[in-house]
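Undergrad: The sequence and its predicted three-dimensional model are supplied below.
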Amino acid sequence: MDTSWVAETRASTSTATTNGPWSIESRQKLKLDQVGNYHIVKSIGRGNFATVKLAKHEIAKTKVAVKIVDKTTIEPENLIKIEREIEILKRLEHPHIVKLYEVMRSDRFIYIVTEYCSGGEMFETLVERGRIAEDEARRWFSQAVSALAYCHEMGVVHRDLKAENVLIDKNNDIRIIDFGFSNFQSAGHLLKTSCGSPPYAAPELLLANDYDGTKADIWSLGVLLYIMVTGGFPFPGDSIDKLKRAIFSGPFKIPYFVSVECSDLLRKMLVLTPAKRYNIQQVQQHRWLTTKCEDSLSASTNNLPNDHLLNTKISEKKKLSTTVLLFLQQHSKWAEEQIIEDVDKKNYDGPIYAAYELLCEKLRAATEDEVADQPRRGSRGSILSGKANVDPEPAAPTISAHHLAQLSLLSSAEYESDDSSASEMCDDSPCSSSRRKDNRQKISEAMPNNQNREQRRHTLCATEPLLPPELLAQLGGVAGLQAAAALQLQQTNIQALLGGQPPGLVHPYGGLLSGFSPLPINEHPTLHIPYMGERRASASEALFAAHLMSAQGAFPTGSESPTASGSGTNMGIEEEGRKYLNQHGSTKRNTVHGMASPIPSALSNQRHLRQIQITASQQSQLEKLYLQHIHKGGRHMSAGSDLFQIKQLQREFQQLGKLAAGGASPTHAHSLATDSSSFSLKCTPRISITDENNKLLGPPVGPSSSATFNPVAMFDQKANEVLYGSERPATVIGFTTNQAINSGASTPDQSHFRSESRGTTLICAAEPVEVVHEVKVFFDGKKIQYEESADEKDGCWINTPGIRLFIRPTEDRTHVELVLLQEFSERIAEELVYLLKNLDYI
Ligand SMILES: Nc1ncnc2c1ncn2[C@@H]1O[C@H](COP(=O)(O)OP(=O)(O)OP(=O)(O)O)[C@@H](O)[C@H]1O
């Protein structure tokens, strides 16, 4: 391969200013400002084995993303994942799949240049905003469906679809990324490797069965849709075992606010048995996607799967744009024949194709803008002549001086207007722009164990060969070529692409995941993250292995030929699920969404709450409060004259907690879920009346006589009605912590929201000493007294009456864990976070 075009990387390192383990010397950073034809602007993301930079093409002046893989620092199996991703991206071209432009290689690095998606990950958006409106979800979802339908038609299964692998571009359209776990799958062929991200993994994968990758993708897509429209996961579980129990223990719940059509689609995608699960064509044709609300008509119409549109775009591309050709000749040293040849071959391994494509896109966008700016030419004509409106012209096939000039102007204008300065470039930070930094921060807050963020991104490679010889043969002969031809995808010489299997793509071994440790369910108020702290992780068999061992013991995977259901065993998934539950306990794990539990940690799920039974005296006290509440017209009961009763009741509840922890006394007949027995129950009963948005309302509805008063049952029933039923407003009797009451939250849900936002971790590039110094200066300035103490983890505590800070070094960063206690002043806390964020200058 001719690599003479690969420009020498210009690198420099930062200089040391201090000494010791915290010195900048010890964490010198590689500074990179140019690779190939790309000017590196700044870091925009980091995976576990790649750093992603924003860069600008020198000729087109277009922003691109450059994924930089340091081959010397990653395991061979992860290198194979990267090679797999490259090979598959080369074969795919779809408006909602990230577009590959160029691949550059040096002895040490692989640079993968793709289109830049400025809107970040869908995951970030969902964490930031919570669930999204159905019309908006439909738009994004239909784009994802369109991309997946295309993949499946091309014989490609993604196997790691999740909100983190869906990026948003500047037009608010989605792009699917991360094809590292993708593979080719021909009809009738089943896959073996369990990979992907457990919360999105289909049951057949969790049971370690052979599986149909297309059906597994549908399950993941169903989970994605569920997250979009509800803001939570359908199957919560902080370990694979719990996840399996959640999946098999019965139908998942869909909150009341999800439309009937959308619920129906979800139920047809999240079907246990793969054979009964919808395929991608059925999803495409489902009425939730085809029937559009009037309001969202314009937004969604443009983005529904439309093969005609796709083909039009593709056929446009077939014509070589002479405008771009001429422009390239003028602005580069490449000869005409060379350009024509590389473009014709779609040569991703050289610089010409990328330059050509980027310029074409720029020209196309300019042409579209121009057309949009003009009055609609067809409107009048259609009235007079009966002819349809005139469509925008495709990129001009002939040389256009106007377009040539436009290209030059656009290129320089965009370049000048970009405010990303070179000063921002070249660090290895995961995120440099302030918006993304904010997002990251929010996500960091949402993570159950945010000091593990670096590890959360571990993605391990699958154990299957990338292109098994028989698949290669099949693909070259039938599936790949026919699919490509049918879609008229491109004039690429596919035979040439498929002609040889790149070296090192077939690998017999899998990755090993170290440090897998289950963590508690994340209780973020908007996006519940049910997974074991490895939110972002995608995993291969190795990750699943330990957790699957028991399952495999329970359900030996048959070596027989695939069954009709595609499960790879003679046993149906449902049957296996039942067997699993029989063997591993059948605790029902209903998910409760929307009504986040007011009680943190061990009692965080309402299913625990439901199992609390109260004593007769607690019952009568609650009743008293309830009746008083009605009498006072719904006023919140936690203040003033009620304080004594509250305290009294609280003591009883604490007693209840102790009893539960030490084994319930038969006389009390209290029962708590076994896995919540270690908590100390510090509840204060509260009575509040909420509407469907958990806003406090007027007097409660419901029984007011002693004979019918049953607070626990009422809570349970009403919470369910609020969540899943149609009755609203509802009366909710909630239990909350003192802390939440002190924070002024008016309803259980709000109190949860607030208490959740109190712990946060900030990651700073500043030295710990510097952080400690700044924090002390801050407190001194505010005249806030603090105590300072060292910790055995080489960290340092700074405690004030309302704020606790734990500052500890990591290998190249400083973690600052910030806990705001109940007495905190929100304003001071905000100022402190602001200060710390400003220290976080990476
Ligand atoms: N084209 C892009 N445009 C904008 N941001 C991107 C782009 N590609 C990647 N990123 C950002 O960089 C992050 C890391 O990229 P990516 O997931 O491809 O790396 P990776 O090393 O393969 O990660 P993983 O360990 O999850 O497999 C992404 O999560 C995303 O935030």
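TA: Sure thing, it's come through.

Undergrad: from here on, contacts and neighbour counts on C-alpha atoms
TA: OK.

Undergrad: so what secondary structure elements neighbour the strand or helix carrying H39?
TA: Using DSSP states H and E, H39 maps to strand 38-46. With contacts taken as 3 or more C-alpha pairs under 8 Å, 6 or more residues apart in numbering; DSSP states H and E, strand 38-46 sits against strand 51-57.

Undergrad: Partner strands of the strand it packs on, with direction?
TA: strand 38-46 (antiparallel), strand 63-70 (antiparallel) (DSSP bridges).

Undergrad: Can you say which of these is nearest to the ligand?
TA: Closest to the ligand of those, according to C-alpha to the nearest ligand atom: strand 38-46, at 3.5 Å.

Undergrad: Kindly reformat the strands paired with strand 51-57 as CSV containing distance to the ligand and mean neighbour count.
TA: Below are the strands paired with strand 51-57 laid out as CSV (distance: least, C-alpha to the nearest ligand atom, whole Å; neighbours: other C-alpha atoms under 10 Å):
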stretch, distance to the ligand, mean neighbour count
strand 38-46, 3, 23
strand 63-70, 5, 24
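
Undergrad: Now that V103 has come up, it's in contact with N347, right?
TA: No. Judged on C-alpha atoms under 8 Å, V103 makes no contact with N347 at a distance of 9.4 Å.

Undergrad: anything in contact with each of those two?
TA: Between them, V103 and N347 have no joint contacts when contacts are counted by C-alpha atoms under 8 Å, 6 or more residues apart in numbering.

Undergrad: what residue ranges in the stretch 151-300 of the chain score low on pLDDT?
TA: 292-300 (pLDDT under 70).

Undergrad: Helices along that one, start to end?
TA: 203-206, 213-230, 240-248, 260-269, 280-285, 287-290, 297-301 (DSSP state H, counting those that start in this stretch).

Undergrad: So for L581, which of those sits nearest?
TA: helix 240-248 (6.7 Å; C-alpha to C-alpha).

Undergrad: Tell me which residues of the closest one come out buried.
TA: Across helix 240-248, burial judged by 16 or more other C-alpha atoms under 10 Å covers 240-248.

Undergrad: Give me every residue in the stretch 51-200 of the chain lying close to the ligand.
TA: Proximity of the stretch 51-200 of the chain to the ligand, by C-alpha under 6 Å from any ligand atom, involves residues 52, 65, 114-118, 120-121, 178.

Undergrad: Please repeat the previous calculation with a cut-off of 5 Å.
TA: 65, 116-117 (C-alpha under 5 Å from any ligand atom).

Undergrad: Including distance to the ligand, could the buried residues of helix 240-248 go into a markdown table?
TA: Below are those laid out as a markdown table (distance: C-alpha to the nearest ligand atom, whole Å):
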| residue | distance to the ligand |
| --- | --- |
| I240 | 19 |
| D241 | 23 |
| K242 | 23 |
| L243 | 21 |
| K244 | 23 |
| R245 | 26 |
| A246 | 25 |
| I247 | 25 |
| F248 | 28 |
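
Undergrad: what is the residue of the stretch 651-800 of the chain found nearest the ligand paired to in the beta sheet?
TA: Across the stretch 651-800 of the chain, the shortest distance to the ligand (C-alpha to the nearest ligand atom) belongs to I763, at 17.1 Å. With beta bridges defined as DSSP bridges, I763 has these partners: H815.

Undergrad: tally of neighbours for it?
TA: Neighbours of I763 under the rule other C-alpha atoms under 10 Å: 26.

Undergrad: Surely it touches R808?
TA: No. Counting by C-alpha under 8 Å, I763 sits too far from R808 to count as a contact (9.9 Å).

Undergrad: any common contacting residues for these two?
TA: With C-alpha under 8 Å, 6+ apart as the test, I763 and R808 both reach 814-816.

Undergrad: Show me the shaky parts of the stretch 301-450 of the chain.
TA: Using pLDDT under 70, the stretch 301-450 of the chain drops low at 301-318, 369-450.

Undergrad: Kindly recompute the last result at 80.
TA: 301-319, 366-450 (pLDDT under 80).

Undergrad: got it, and the stretch 651-800 of the chain?
TA: Using pLDDT under 80, the flagged stretches of the stretch 651-800 of the chain are 651-770, 790-795.

Undergrad: got the helices of the stretch 151-300 of the chain as TSV, with distance to I573 columns?
TA: Below are those laid out as TSV (distance: least, C-alpha to C-alpha, whole Å):
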stretch	distance to I573
helix 203-206	7
helix 213-230	13
helix 240-248	9
helix 260-269	15
helix 280-285	20
helix 287-290	27
helix 297-301	36
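
Undergrad: out of those helices, which comes closest to E574?
TA: helix 240-248 (7.4 Å).

Undergrad: tell me which strands and helices the closest one is in contact with?
TA: Right, helix 240-248 is packed against helix 203-206, helix 541-554, helix 573-584 by 3+ C-alpha pairs under 8 Å, 6+ apart.

Undergrad: quick one: which of those has the weakest pLDDT on average?
TA: Ranked by mean pLDDT, those end with helix 541-554 in last place, scoring a mean of 39.

Undergrad: C-alpha coordinates for stretch 138-158, PDB please?
TA: Taking Å, rounded to 0.1, in the frame of the first residue of the first chain, the C-alpha atoms of stretch 138-158 are listed here in PDB:
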ATOM      1  CA  ARG A 138     -40.600   8.300  16.500                       C
ATOM      2  CA  ARG A 139     -38.400  10.500  14.300                       C
ATOM      3  CA  TRP A 140     -35.100   9.200  15.800                       C
ATOM      4  CA  PHE A 141     -36.400   5.700  16.100                       C
ATOM      5  CA  SER A 142     -37.500   5.500  12.500                       C
ATOM      6  CA  GLN A 143     -34.000   6.700  11.500                       C
ATOM      7  CA  ALA A 144     -32.500   3.900  13.600                       C
ATOM      8  CA  VAL A 145     -34.900   1.400  12.100                       C
ATOM      9  CA  SER A 146     -34.000   2.600   8.600                       C
ATOM     10  CA  ALA A 147     -30.300   2.100   9.300                       C
ATOM     11  CA  LEU A 148     -30.800  -1.300  10.900                       C
ATOM     12  CA  ALA A 149     -33.000  -2.500   8.000                       C
ATOM     13  CA  TYR A 150     -30.200  -1.500   5.700                       C
ATOM     14  CA  CYS A 151     -27.600  -3.300   7.800                       C
ATOM     15  CA  HIS A 152     -29.700  -6.500   7.900                       C
ATOM     16  CA  GLU A 153     -30.300  -6.300   4.200                       C
ATOM     17  CA  MET A 154     -26.600  -6.000   3.700                       C
ATOM     18  CA  GLY A 155     -26.200  -9.100   5.900                       C
ATOM     19  CA  VAL A 156     -24.700  -7.100   8.800                       C
ATOM     20  CA  VAL A 157     -25.800  -7.400  12.400                       C
ATOM     21  CA  HIS A 158     -24.800  -4.600  14.800                       C
END
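
Undergrad: Lovely, talk soon.
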